[in-house]
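**Student:** sequence below, structure please.
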Amino acid sequence: MGKYTILIVEDDQRMNQALLHILSKKGYAVESVDSGEKALERIRQTRFDLVVSDLKLPGMDGMEVLKAIKQYDRTILFVIITAYGTVDTAVSAMKQGAEDYILKPFDMEELRLVVEKTLEKRGLFLDNLRLQQQLEKKYTFENIVGTSESMMGVFKTINRVKESRSTVLIRGETGTGKELVARAIHFNSARALKPYLPVNCAALNEDLMASELFGHVKGAFTGAVADKRGLFEAADGGTLFLDEIGDVGQGLQQTFLRALEKGEIQPVGSFQRKIVSVRIIAATNKNLEAMVEQGGFRKDLYYRLNVVTIDLPPLRQRKEDIGLLAAHFLTKYAAQNNKNIRGIAPRALRLLENYSWPGNVRELENIIERATLFELTQEITPDSLPQVVIEPCTVLDPSPFSMETTSLEAVSRRHIVRILEMTNHNKTQASKLLGIDRSTLWRIMNRLKLN
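**Tutor:** Sure, this is the predicted structure:
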C-alpha cells in the first residue's frame, strides 16, 4: 500500500517539529497541528491512519480529541503522549480506544517503535478489509469462494434455482463443498427462516434411515417406546439435504420416490400418511447414471432427483481459485487463533497451486488451519506446510524402492496414515477424504493395525 498518514497534535512547537521531522524521515506522510480543534478540522478534510497526540493541550485535551475522533471514525488509530505523573489517565485513554501511549521523557527510537507497532495493526486491518471486499466482489455464498469460470457457473445456477421448489442434485468429489452449496441455496431462498436439516444417507443402515427420515409410531419395532417425528416432517416448509444419496438402499428408494412425487410420508409402523412441503437437495460423489444402468439405483428416482444438476469441479481443475481460497481460510483461522499472519509467501502459494488436492477444498482448509497454528512469522511459509504439499511424490512412497516392489497394503497404510495426520486423527473427516464411511475406515484400520 501507499504511505501511512500520521497527524501530530502537539502545542509545544519544539516537540511538534521534532516529531514531524523524525516520522517524516521514516517514510510516513506526516502533518502537524497545535490544538485539538485543528486536529478535528483536519480529520474531516483528510484521511489519516494514525493520530499521535499530547494529553495536555490548550482548549480540548487529548482525551477529548480521542473521543471525538473515535466517534467520527473508529478505524483511525490513536497514540497518546503523557507525562509520568498521568499514567492513570493514559490507561484510561486506552480503555477509550487508544492503541498505545508514550511516557515523557522519551527518546525518538521509542516513539518509532510504538508508531511502527501500531501501524502494523492498521496494515492487518486494511489487508483484511481489502480481502473481504474482494471476496464480496467475487460472488461468495456461505463461504463458497471462487472466481474461476466453472465456479461462476455454479453461482449463476444457485441464483437461478434458489427461489424455485425444484429438486437439486449436487454432484462432486468428496471435499468439494456440496453441503455449502445446499446451504447457500436454502439460506438465500424464501425458505431461509424455515428449517434446514442435513442427513448423511451413508451413516445409517436402511431400517434406521427409514425411522430417521419418516419417523415411527410407538411399537413399530423393538425399542420404539414412543412416537417419533422424522426429518421430513421436522423440515416441513424448509429444506432437507440428503448427502450421499447414492448410498440409499433399494428398499428405501421407493419410499423416497413417493415422498418426492406426492409430498407424502408414512411413519414406520403407521397406516396414516402425512403431507409435507419440503424442498429436497441431494448430493453424491458417485456416478448415479452408471448405477442406474447397473441396476443399483432406480431410474425413476434418479430422474426425480435430477431436475436441476450442479456439478462442482475438483480443486485441481480450478487452480486459479486456490490463492483466494487460501487467503479466505487464512483470514478465518488467523482471527480464530489470534495470530498476526497477514498473507502467504509466494513460494508457499506456488506449492499450494502445484499440489493435486485429492481431498479438494476441505483438504486445503485443513492445511491452512494447521499452517496458521504452526507459522511463527507474519506470512505462511513452506516451513508450516505439511510434507505432502512440499513433496507430493515422495510422501506416498518415501522408500528408495520402486512402486512395483511395494505391497498394496503398505501403500494403503501410508495413505491412510497421511490422511489421519492431515485431519488430526478426526475419523469423520478422514473417512470423507477417503470416500468411505466411518465403519469401513475402522475395519481397514483394524486390519492394518493402525489402532
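**Student:** output the below-cut-off pLDDT ranges for the stretch 101-250 of the chain.
**Tutor:** 125-142 (pLDDT under 70).
**Student:** mind listing the strands for it?
**Tutor:** In the stretch 101-250 of the chain, the strands defined using DSSP state E, counting those that start in this stretch lie at 168-171, 196-200, 239-243.
**Student:** could you dump the ones you listed into CSV and include distance to Ala290?
**Tutor:** C-beta coordinates here come from the backbone N, C-alpha and C atoms, glycine included. Converted to CSV, the strands of the stretch 101-250 of the chain look like this (distance: least, CB to CB, whole Å):
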stretch, distance to Ala290
strand 168-171, 12
strand 196-200, 22
strand 239-243, 19
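**Student:** and Met15, which of those strands is closest to it?
**Tutor:** strand 196-200 (60.7 Å; CB to CB).
**Student:** distance from the chain centre to the closest one, please.
**Tutor:** In terms of CA atoms, centre = their mean, to the nearest Å, the centre of strand 196-200 is found 20 Å from the chain centre.
**Student:** kindly report the same for stretch 300-318.
**Tutor:** So, by CA atoms, centre = their mean, the centroid of stretch 300-318 is 23 Å from its chain's centroid.
**Student:** same deal with stretch 298-312?
**Tutor:** 29 Å.
**Student:** and that stretch, C-alpha only, in PDB?
**Tutor:** The C-alpha coordinates for stretch 298-312 follow below in PDB (Å, rounded to 0.1, in the frame of the first residue of the first chain):
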ATOM      1  CA  ARG A 298     -33.900 -46.600  -9.500                       C
ATOM      2  CA  LYS A 299     -34.200 -44.800 -12.800                       C
ATOM      3  CA  ASP A 300     -37.500 -43.100 -11.800                       C
ATOM      4  CA  LEU A 301     -35.900 -41.800  -8.600                       C
ATOM      5  CA  TYR A 302     -32.800 -40.600 -10.500                       C
ATOM      6  CA  TYR A 303     -34.900 -38.600 -12.900                       C
ATOM      7  CA  ARG A 304     -37.000 -37.100 -10.000                       C
ATOM      8  CA  LEU A 305     -33.800 -36.000  -8.200                       C
ATOM      9  CA  ASN A 306     -32.100 -34.800 -11.300                       C
ATOM     10  CA  VAL A 307     -34.400 -31.800 -12.100                       C
ATOM     11  CA  VAL A 308     -31.500 -29.300 -11.700                       C
ATOM     12  CA  THR A 309     -27.900 -30.500 -11.600                       C
ATOM     13  CA  ILE A 310     -25.000 -28.600 -10.100                       C
ATOM     14  CA  ASP A 311     -21.600 -30.100 -10.900                       C
ATOM     15  CA  LEU A 312     -18.800 -29.000  -8.500                       C
END
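**Student:** list the buried ones in it?
**Tutor:** 298, 301-302, 304-305, 308, 310, 312 (16 or more other CB atoms under 10 Å).
**Student:** for Glu224, give me its contacts.
**Tutor:** Wrong residue type there; residue 224 is Ala, not Glu. 211, 216-218, 268-269 (CB atoms under 8 Å, 6 or more residues apart in numbering).
**Student:** neighbour-wise, which one of the residues you listed leads?
**Tutor:** Counting neighbours by other CB atoms under 10 Å, His216 leads the contacts of Ala224 with 22 neighbours.
**Student:** list the contacts for the residue lying closest to that one once chain neighbours are set aside?
**Tutor:** The shortest distance from His216 to any non-neighbouring residue, by CB to CB, 6 or more residues apart in numbering, is to Val268 (3.9 Å). Applying CB under 8 Å, 6+ apart to Val268 gives the contacts 210-211, 214-217, 220-221, 224.
**Student:** can I get the contacts of Ala224 in JSON lines including distance to Phe256?
**Tutor:** Below are the contacts of Ala224 laid out as JSON lines (distance: CB to CB, whole Å):
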{"residue": "Ser211", "distance to Phe256": "14"}
{"residue": "His216", "distance to Phe256": "17"}
{"residue": "Val217", "distance to Phe256": "20"}
{"residue": "Lys218", "distance to Phe256": "24"}
{"residue": "Val268", "distance to Phe256": "14"}
{"residue": "Gly269", "distance to Phe256": "18"}
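**Student:** what's stretch 417-436 in contact with?
**Tutor:** 173-175, 285, 358-359, 362-363, 366-367, 370, 386, 388, 395-396, 416, 437-438, 440-442, 444, 450.
**Student:** equivalent analysis for stretch 186-200, please.
**Tutor:** 141-142, 158-159, 162-163, 179, 182-183, 212-213, 231, 234-244, 279, 281.
**Student:** can you do 7 Å?
**Tutor:** Contacting residues not belonging to stretch 186-200 are listed as 141-142, 162-163, 179, 183, 212-213, 231, 234-235, 237-244, 279 [CB atoms under 7 Å, 6 or more residues apart in numbering].
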